[in-house]
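Chemist: got a sequence here, can you model it:
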Amino acid sequence: MPDFQRLVRERLPALHMRPERESEIVAELALQLEQACAEAIAGGASESDALRMALALYGIGTSDADVLGRVGYAPRPRDTASNTWDNPYEMFVGDIGGAQNTTGYGVFAPPIAQAARSYGRGATVANNVSADYIAQQIYAGHPVLAWGYSKGFAPDSWNVPGGGVVTTYKGEHVRVVYGVAGAPGNIIGFYLRDPAYGSLYWTPGQLMANMNVFGGVSNQTVTVY
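Modeler: Numbering: from 1, shown residues only. As a prediction, this is how the structure comes out:
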């Protein structure tokens, strides 16, 4: 969790009151922020939910809050003046309960893989994968976290601390692919768990169309083994 008292003090002007009273107000506001943050985390994010589901297949129980702590979570809104924000290849960007691409975003594959490894499992990141690649992982008994989109897709980008620009997209969403129908070379469909919509069955074409909405930016996977 971030230091909410520091965040409150940074965002409030001088209150011009006794130091002890100012400290009381800051502490009260910080507690309210912390509680709101905890409630948002309890609601889950698609990335942390998806990893939690994958870990559960190996008998590992955890929470979204614990996953986010291992991924890296220090929420702050997008700085629209300079178009600067954090890097989703390094941490969860924004507030888990925020509006996507303004006050909240998400995280890409590398930090999720790192979090999976911290639970004692192996994890492999792969981009621009095919339906055959995903099927091979499932045949081997390994669930695959697949990035794609949910709704409202649009390209986006922002500056990141330390220099550089990260290319992202609106509608970023992650699902767990855990089953496949058909034999190798004749894949009929995939069974998925969507943190927002529950169980899904998609044809290879449906899965690839969703994952390839923004090329290699959206076509990201983490195989947990």
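Chemist: partners of the lengthiest strand in the chain, with directions?
Modeler: Selection of the longest strand in the chain by residue count, based on DSSP state E, yields strand 165-183. Using DSSP bridges, the strands paired with strand 165-183 are strand 144-159 (antiparallel), strand 186-194 (antiparallel).
Chemist: buried residues in that strand?
Modeler: 166, 168-178, 180 (16 or more other CB atoms under 10 Å). No exception for glycine: its C-beta is placed from N, CA and C like everyone else's.
Chemist: turn those into TSV, columns for distance to residue 76 and pLDDT.
Modeler: Formatted as TSV, those follow (distance: CB to CB, whole Å; pLDDT from 0 to 100):
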residue	distance to residue 76	pLDDT
166	15	98
168	16	98
169	20	98
170	19	97
171	21	96
172	18	97
173	22	97
174	22	97
175	27	97
176	28	97
177	32	97
178	34	95
180	40	96
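Chemist: wait, which of the residues you listed is closest to residue 57?
Modeler: Distance to residue 57 across the buried residues of strand 165-183 (CB to CB) is lowest for residue 178, with 6.7 Å.
Chemist: quick check, pLDDT for the closest residue to the closest one other than its chain neighbours.
Modeler: Leaving aside its chain neighbours, residue 178 sits nearest to residue 143 (4.8 Å; criterion: CB to CB, 6 or more residues apart in numbering). The confidence metric pLDDT takes the value 97 at residue 143.
Chemist: same check on residue 6?
Modeler: 65.
Chemist: where exactly do the strands run in this protein?
Modeler: Taking DSSP E to define them, one finds strands in the chain at 123-127, 144-159, 165-183, 186-194, 198-202, 220-224.
Chemist: so what's the gap between the longest strand of the chain and the chain middle?
Modeler: Taking CA atoms, centre = their mean, to the nearest Å, one finds the center of strand 165-183 at 11 Å from the center of the full chain.
Chemist: residue boundaries of the helices in this protein?
Modeler: Listed in chain order, the helices of the chain (DSSP state H) span 4-11, 19-43, 46-56, 64-71, 109-118, 131-139, 204-211.
Chemist: adding mean neighbour count and distance to residue 155, write the ones you listed out as a markdown table.
Modeler: Converted to a markdown table, the helices of the chain look like this (neighbours: other CB atoms under 10 Å; distance: least, CB to CB, whole Å):
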| stretch | mean neighbour count | distance to residue 155 |
| --- | --- | --- |
| helix 4-11 | 14 | 30 |
| helix 19-43 | 14 | 26 |
| helix 46-56 | 24 | 19 |
| helix 64-71 | 20 | 24 |
| helix 109-118 | 21 | 18 |
| helix 131-139 | 17 | 24 |
| helix 204-211 | 18 | 16 |
